[in-house]
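Enquirer: sharing a model prediction with you, sequence too.
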Amino acid sequence: MTIANTVDLVGVDDVLHGRRVGMLAREMAIRLGWPEADQLVLYDAGLLHDCGVSSTRVHRRLVVDLEWDGAEEHCIRGYELLADFQPLAHLAAIIRYHHSRWDWLAQQSLPGDTARFANLIYLADRIDVLAAPFHADQTLLSNTDQIRARLADERGHLFSPELLDAFLAISEGEAFWLALQPEWVQQYQLDMESHGDLRMIGWSELKQCAAIFSRIIDAKSPYTEQHSQGVSRLSRHLAERCGLDPITCEKIEVAGLLHDIGKLQIPDEIIEGHGALSQHEFDIMKSHSYGTLQVLKRLHAITEIARWASLHHETPDGHGYPFRLGGSALPIEARIINVADIFQALAQERPYRKPMAPEQIMAILQERADSGRADPDIVRLVADDLSACHRLALCLE
């Protein structure tokens, strides 16, 4: 669910798309009389179906067109993200084919129920896309006939006749469409969370899951590729040089992977701007670390990690954002991530500048330390090990 909430941030103004797709897929599976285990798989696949989408530009295209040539790219990326993560690997193939036409899928030799599960996610996804324009002015019920007719035209082409017929039957009543309203989708999510289909994962799997988050985050823009991984590696290195205990160093490494989750909700145009941000754009940008906390706080086992990650733009002088913490209220772990984040960002190319040399980065960090905007002890550690810090920030070792 936390991954789903992260992916849904890319919708910016509509952060319920994945949850609606999961709900629709499960409700149609119920209508079809499929086993409860299959219903739960489809709900989870619906939640995560767009995990390969990090760009707001791509998301806009996905929620406008019924079918388009570039759709397969995010399906492949979603598959690659989950295929090697054992707790969610069973969803990977469904996500891989969730934009494939039925008249092609039916001819493939895919294992088990992959084809019909993937096609049901595709159908649920397109139902939501066609319904979305009518939520704002509350005219959905006046337009359900045209939505049903548009999808019925694709029977046997985009969609399996069995699945399409189930949709047409269940969508005759107003309740099917009224359930798509935000308050009912959120209530459905709470009801699903009470199902208790839980399993424990160990620290190594948690780190692997955090790496999935970082890959989703860093795919936001070609200019942020490997940013989270670089921050993670450098943060751990600096934590070790600070003499922090091994467990804390492990946690800081994970916090570095997760620190920019909230940035997924920032429009691409701001992330990839070629000039100085306007005050309005900067205000939008400042929301991302708060967004990180809101996504991660549901994971009660990593409350400490979530806090450190969300404080990565706080400064010792108390003039950072968004909480304005400083002095003794700002933990050393957050101070480390702050320095690592600045270093890595300066070491990478951005739309408005070339990557900076280590000596240039060091000068900026020193100026920040002198003015109270960075921890001077941590900046000193960077200065004493500048070459290694630069390689770690760029994931060169």
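Expert: Sure thing, it's come through.
Enquirer: can you list the domain ranges for this protein.
Expert: 2-193, 204-393 (automatic domain parsing).
Enquirer: mean neighbour count and mean pLDDT added to those, as TSV?
Expert: C-beta coordinates here come from the backbone N, C-alpha and C atoms, glycine included. Below are the domains of the chain laid out as TSV (neighbours: other CB atoms under 10 Å; pLDDT from 0 to 100):
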stretch	mean neighbour count	mean pLDDT
domain 2-193	18	90
domain 204-393	19	92
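Enquirer: contacting residues for residue 315?
Expert: 326, 330, 338, 368, 372, 373, 374 (CB atoms under 8 Å, 6 or more residues apart in numbering).
Enquirer: which one is the second one nearest to, not counting chain neighbours?
Expert: On the basis of CB to CB, 6 or more residues apart in numbering, the spatially nearest residue to residue 330 that is not a chain neighbour turns out to be residue 314, at 5.3 Å.
Enquirer: what do you get for residue 336?
Expert: Leaving aside its sequence neighbours, residue 336 sits nearest to residue 238 (CB to CB, 6+ apart; 4.9 Å).
Enquirer: helices of the stretch 1-150 of the chain, residue ranges please.
Expert: Assigned by DSSP state H, counting those that start in this stretch, the helices in the stretch 1-150 of the chain fall at 2-8, 17-31, 36-48, 56-62, 71-82, 92-96, 102-105, 114-131, 140-152.
Enquirer: dump those to CSV, plus distance to residue 301.
Expert: Converted to CSV, these look like this (distance: least, CB to CB, whole Å):
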stretch, distance to residue 301
helix 2-8, 11
helix 17-31, 22
helix 36-48, 20
helix 56-62, 30
helix 71-82, 21
helix 92-96, 24
helix 102-105, 38
helix 114-131, 29
helix 140-152, 39
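Enquirer: to residue 273, which of those lies closest?
Expert: Within those, the stretch nearest residue 273 is helix 56-62; the backing value is 13.3 Å (CB to CB).
Enquirer: contact partners of stretch 269-282?
Expert: 220, 221, 223, 224, 263, 284, 285, 351, 352.
Enquirer: from residue 327, how far out is the residue nearest to the last one when sequence neighbours are not counted?
Expert: So that's residue 352. In space, and not counting its chain neighbours, residue 352 is closest to residue 274: 5.2 Å by CB to CB, 6+ apart. Separation of residue 274 from residue 327 (CB to CB, to the nearest Å): 37 Å.
Enquirer: quick one: which of the helices of the stretch 1-150 of the chain is nearest residue 364?
Expert: helix 56-62 (29.2 Å).
Enquirer: re earlier: and of the contacts of stretch 269-282, the nearest to residue 2?
Expert: If you rank the contacts of stretch 269-282 by distance to residue 2 using CB to CB, residue 263 comes first, at 15.9 Å.
Enquirer: tell me if that closest one really is in a helix.
Expert: Yes. Assigned with DSSP: H, G, I helix; E, B strand; the rest coil, residue 263 falls within a helix.
Enquirer: which residues sit in contact with it?
Expert: For residue 263, counting by CB under 8 Å, 6+ apart, the contacting residues are 217, 220, 224, 271, 288, 291.
Enquirer: which SSE is residue 214 in?
Expert: Here residue 214 sits within helix 203-218, counting by DSSP states H and E.
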